[in-house]
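K.L.:
Take a look and give me a structure for this.
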Amino acid sequence: MANPIINVENLAASYRKNTVLHDVDFKVNAGSLTAIVGPNGAGKSTLIKTMLDLHPALAGSVKFFGLPFTKAKKRIGYVPQRGSVDWEFPTDALDVVTMGLYGQIGWLKRPSAIHKKKAYEALEKMGMEEYASRQISQLSGGQQQRVFLARALVQNADLYFMDEPLAGVDAATERAIMTILQELKSIGKTVMVVHHDLQTVTDYFDHVLFLNRTIVEHGETGEIFTNKNIARTYGGSIRQMGDEHRHVVHTFE
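P.N.:
Model (predicted):
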């Protein structure tokens, strides 16, 4: 793989002395849209957090664009799980999106009219402009997720990590989010998404990373999204649905 923009080698991490990730190795090229899939407890969220220095690594190295995270972070956007955010914090949707520009503005400076305009345009892209002055606690789960995606978009990053952005959202929000992610890919951005619905992997993603504490398989969806690799990852029985690309896992870990 020539000039990967993500290069992870021998990464390991733990929680409370229990190893969650071990011997994680993979590389990602620019312009790809990758689903990270695996059973509950497989370390999917931990993988992203460890890569982004939000959780300590036990071993290994992570490079973005050939650089450590601290030197590449301005080129990286991150959307955490919605459940990990304090939605009672007293701020409105426009201010939340504007926070995505603080790397450009500086934390001690006030955003300019131009910054506010960029934030509003990101809300427009997510169909949330009419909620710009709405307190985030008053938004539905799907609306909150759109706001957080807008905050990531306004950064104009080269690489995005998203932790279950489709979890608990309605069909319209799911379509809106995936349309944006496909557009990002089409202009050369790279996106990695923790994803829980195996039935939509082939529809939404061109690459898939199977994870269960270590990498089970990683590559192009059309080549590696198979019953065999799903069974290896989930350790469950598989029933095929409709055609060879749609699957349901009946039993998990």
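
K.L.:
Spit out the contact partners of residue 119.
P.N.:
Residue 119 sits next to 94, 97, 98, 100, 101, 111, 150, 154 when contact means CB atoms under 8 Å, 6 or more residues apart in numbering. (Glycine included, C-beta is placed from N, CA and C.)

K.L.:
quick check, the first one in a helix?
P.N.:
In other words, residue 94. Yes: according to DSSP: H, G, I helix; E, B strand; the rest coil, residue 94 belongs to a helix.

K.L.:
That one - nearest residue in space that isn't next to it in sequence?
P.N.:
residue 132 (4.2 Å; CB to CB, 6 or more residues apart in numbering).

K.L.:
how deep is the one you found tucked in, by neighbour count?
P.N.:
Neighbourhood size, residue 132 [other CB atoms under 10 Å]: 19.

K.L.:
just checking, it touches residue 95?
P.N.:
No: using CB atoms under 8 Å, residue 132 is not in contact with residue 95; the gap is 9.2 Å.

K.L.:
For residue 24, which non-adjacent residue is closest in space?
P.N.:
Once flanking residues are discounted, residue 24 sits nearest to residue 11: 4.0 Å by CB to CB, 6+ apart.

K.L.:
From residue 33, how far out is residue 148?
P.N.:
Distance, residue 148 to residue 33, by CB to CB, to the nearest Å: 18 Å.

K.L.:
farthest-separated two in the contacts of residue 119?
P.N.:
By the measure CB to CB, 111 and 150 form the most distant pair in those, at 14.7 Å.

K.L.:
between those two, who's got more neighbours?
P.N.:
Neighbours were counted for residue 111 and for residue 150 using other CB under 10 Å; residue 150 has more, 28 against 19.

K.L.:
out of everything not next to it in sequence, what's closest to the more buried one?
P.N.:
The shortest distance from residue 150 to any non-neighbouring residue, by CB to CB, 6+ apart, is to residue 122 (4.0 Å).

K.L.:
List every C-alpha atom in the helix or strand harbouring that neighbour, with coordinates, as PDB.
P.N.:
For residue 122, the host element (DSSP states H and E) is helix 113-125. Output in PDB follows, covering the C-alpha atoms of helix 113-125 (Å, rounded to 0.1, in the frame of the first residue of the first chain):
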ATOM      1  CA  ALA A 113     -18.800  36.800  11.500                       C
ATOM      2  CA  ILE A 114     -17.000  34.700   8.900                       C
ATOM      3  CA  HIS A 115     -16.600  31.900  11.400                       C
ATOM      4  CA  LYS A 116     -20.300  32.000  12.300                       C
ATOM      5  CA  LYS A 117     -21.100  32.000   8.600                       C
ATOM      6  CA  LYS A 118     -19.100  28.800   8.100                       C
ATOM      7  CA  ALA A 119     -20.800  27.200  11.000                       C
ATOM      8  CA  TYR A 120     -24.200  28.100   9.700                       C
ATOM      9  CA  GLU A 121     -23.400  26.700   6.300                       C
ATOM     10  CA  ALA A 122     -22.400  23.400   7.900                       C
ATOM     11  CA  LEU A 123     -25.700  23.300   9.700                       C
ATOM     12  CA  GLU A 124     -27.400  24.000   6.300                       C
ATOM     13  CA  LYS A 125     -25.600  21.100   4.800                       C
END
